[in-house]
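Chemist: curious how this folds, go ahead:
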Amino acid sequence: MSDGPAPFFAPFPRRGHLLAGAGVLTLLVIYGSFVPLEFRSLSFDAAVEQFKSVPYLDLSADRRADLVANLVLFVPLGFLWLGVIDVDRRSRAAGWLALPIVVAVLIAVAVAMEFAQQWTARRTVSQNDMIAESVGALLGAVLWMMVGRRLIGFVRGLTATNERGVEVSPTRRLLQLYALGFLLYAFQPFDFTFSPEEIGRQFRDRIVLKSGGSVEGRIVANDRMAVRIATNDDRGVRTIAQSNILQLQPRKVVLRPFSHTYRNPFDAAWQIGSDVVLFIPIGMLLGYRRNVKRPFMKAVLLGCAAAAVIEGAQLFVYSRYLDSTDVFTSGLGALIGAALAGRFAIGQAHSETADPASSATRRVAAIGMCLLYTLPLAVIVWHPYKLVSSVDIFVQQFKQIVGIPFKAYYYAGEFKAVSTLMRNLMLFWPVGALLRWGFSPVRRGSYANGICVMAFAVGMGLVLEAGKAAMVNKHADVTDLLIYAGGALMGWWLWGVLTAPRPVAQAASKSG
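Modeler: Numbers count the residues shown, from 1 in each chain. Alright, predicted model coming up:
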């Protein structure tokens, strides 16, 4: 039998989708390696000589996240590029033969990127990065051979019956994908530590001095003039002037719940509320075991246990905080999710009758709700609402929107960059869902629909970015416009998956 690829009408995602994803991600990784695009003069011969003695850096725990980020970036590259070759083939021989070739090519790309970074002003060239990227490429390729085909089959199950002709709930599968994404987010930037010294440091406050060195202990007072800290060296309480402090690093382990001090009620509501909301889908997923609904209290207890395990495991992620408050807020989210589980087709999908084409009233309602949704978005994005002092400053800040994409995210650091990106994506999911509801309740989204959704999201985003330009310490950024558009497209797709008419499952046993 032929070992050729599957026909073009195979369900999503097909080889072409993997190829497009791999190509776009490769370009983004290459682009990201040169952000913020600040270059310096260097001759080619000098670059070659300099590259021959690229150092291996002894990175501190604070720099480990950057190293892990390079590894993590190349995992999906190895996964997708090998998937392009192996997907839908009857034999796995082509995949195993291509694995060393794919890894070798990606290692060559990693080395070329590091070599080219010598012409950049703010990037560090080291053996560490090349080793991390090479290991990431290998891990991604091996991961494809282990679970790649299963994952593709899982995603295809969102829009098709499984191989036995039995309908699978798309809601349940989406919740499972969300749970996987939640776990990845909970442990990023993946700078794991098992050193007793580094773990112990997370239980202590730390003050980094401008003169060099640091002081560790427990901060007992902090105001505009000075910080008082009870030191661990039995010297009692020291008072350190704010003018002598380079950085204040609070402890990363908070065992007393709800003891964190927020700057204002808005920050408190946002932090606590987002923790609750993010765990609601986990509670919905735990509300079912396969196709059987769990008892309500059992689902809630499982959700609380999952929250406690995830929060406890963050003790071993150096960049993350372990806060007992999150166990309570996540537990509340699990409770809400378990209560909502019975209202969705999680255990079993149902066929639906197609609704008639959306009317003009429905379209107007969808647009109106999207515009109304701009108000809570503005409340979140513009906070704390400190207006600039003049129109000239506003114009100057708004002009900065035409800048280098992802430059601000580069300076923000790995954890904050990922958190901000995920937040902005999720904030625009409702925009795409509302537009799908209003304009295309039954039909699959076309490319024209996707372009319209992106245009509408960019228009809303321009309003939000203009508002940011009018605020003190806010910056209009073209990167956020791109993320808003991506979030709206995701919302469009998710709503289509959840509401698409499902084909009636065929009988399992059919007379031959």
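
Chemist: just say helix, strand or coil for the nearest residue to residue 63 once chain neighbours are set aside.
Modeler: In this structure, residue 63 finds its nearest non-sequential neighbour in residue 57, 7.9 Å apart by C-beta to C-beta, 6 or more residues apart in numbering. Where C-beta positions appear, they are placed from N, C-alpha and C, glycine not excepted. Put simply, residue 57 is coil when judged by DSSP: H, G, I helix; E, B strand; the rest coil.

Chemist: roughly how far does residue 57 sit from residue 124?
Modeler: Distance, residue 57 to residue 124, using C-beta to C-beta, to the nearest Å: 8 Å.

Chemist: please apply the same query to residue 203.
Modeler: 31 Å.

Chemist: what confidence value was assigned to residue 82?
Modeler: Residue 82 is assigned 95 on the pLDDT scale.

Chemist: that should have said residue 351, apologies.
Modeler: Model confidence at residue 351, given as pLDDT, is 44.

Chemist: average pLDDT across stretch 294-309?
Modeler: 91.

Chemist: buried set for that stretch?
Modeler: Within stretch 294-309, the residues that qualify as buried are 294, 299, 300, 301, 302, 303, 304, 306, 307, counting by 16 or more other C-beta atoms under 10 Å.

Chemist: now, which of those residues lie within helices?
Modeler: Secondary structure from DSSP state H places 299, 300, 301, 302, 303, 304, 306, 307 of these in helices.

Chemist: just give me the closest of these to residue 217.
Modeler: residue 307 (30.2 Å; C-beta to C-beta).

Chemist: where does the stretch 51-200 of the chain have low pLDDT?
Modeler: Applying pLDDT under 70 to the stretch 51-200 of the chain flags the ranges 60-62, 158-169.

Chemist: let me see the mean pLDDT of stretch 472-484.
Modeler: Mean predicted lDDT for stretch 472-484 stands at 89.

Chemist: tell me the buried residues in it?
Modeler: Neighbour-count burial for stretch 472-484 flags 474, 476, 477, 478, 479, 480, 481, 482, 483, 484 (criterion: 16+ other C-beta under 10 Å).

Chemist: and stretch 50-67, by the same measure?
Modeler: Buried, per 16+ other C-beta under 10 Å, within stretch 50-67: 54, 64, 65, 66, 67.

Chemist: now the terminal residues of it, how far apart.
Modeler: For stretch 50-67, the first-to-last residue distance is 21 Å (C-alpha to C-alpha, to the nearest Å).

Chemist: swap in stretch 46-57?
Modeler: Terminal residues of stretch 46-57 lie 21 Å apart, using C-alpha to C-alpha.

Chemist: residues in contact with that stretch: which ones?
Modeler: Contacting residues not belonging to stretch 46-57 are listed as 42, 63, 114, 115, 118, 119, 124, 125, 126, 127, 128, 130 [C-beta atoms under 8 Å, 6 or more residues apart in numbering].

Chemist: stretch 425-440 now?
Modeler: With C-beta under 8 Å, 6+ apart, stretch 425-440 has contacts from 358, 362-363, 365-367, 369-370, 373, 377, 380, 445, 449, 452-453, 456-457, 460-461, 483-496, 499.

Chemist: ok, now with 7 Å
Modeler: Residues from elsewhere that reach stretch 425-440 (C-beta atoms under 7 Å, 6 or more residues apart in numbering): 358, 362-363, 365-367, 369-370, 373, 377, 445, 449, 453, 456-457, 460, 483-484, 486-492, 494-496.

Chemist: which of those count as buried?
Modeler: By 16+ other C-beta under 10 Å, the contacts of stretch 425-440 give 358, 366, 370, 373, 377, 445, 449, 453, 456-457, 460, 483-484, 486-492, 494-496 as buried.

Chemist: can you name the element that comes right after the host helix or strand of residue 365?
Modeler: For residue 365, the host element (DSSP states H and E) is helix 360-382. Using DSSP H and E, the helix or strand that follows helix 360-382 towards the C-terminus is helix 391-399.

Chemist: tell me which helix or strand the residue nearest the centre of the chain sits in.
Modeler: Most central in the chain under C-alpha atoms, centre = their mean is residue 422, positioned 4.6 Å from the mean C-alpha point. Residue 422 is part of helix 414-427 when elements are defined by DSSP H and E.

Chemist: please apply the same query to residue 320.
Modeler: Counting by DSSP H and E, residue 320 is part of no helix or strand.

Chemist: give me the number of residues near it?
Modeler: Around residue 320 there are 20 other residues, counting by other C-beta atoms under 10 Å.

Chemist: what about the helices in the stretch 1-150 of the chain?
Modeler: Assigned by DSSP state H, counting those that start in this stretch, the helices in the stretch 1-150 of the chain fall at 15-32, 44-52, 64-86, 93-116, 127-143, 149-156.

Chemist: and of these, who's closest to residue 257?
Modeler: Set against residue 257 and scored by C-beta to C-beta, these come closest in helix 64-86, at 26.9 Å.
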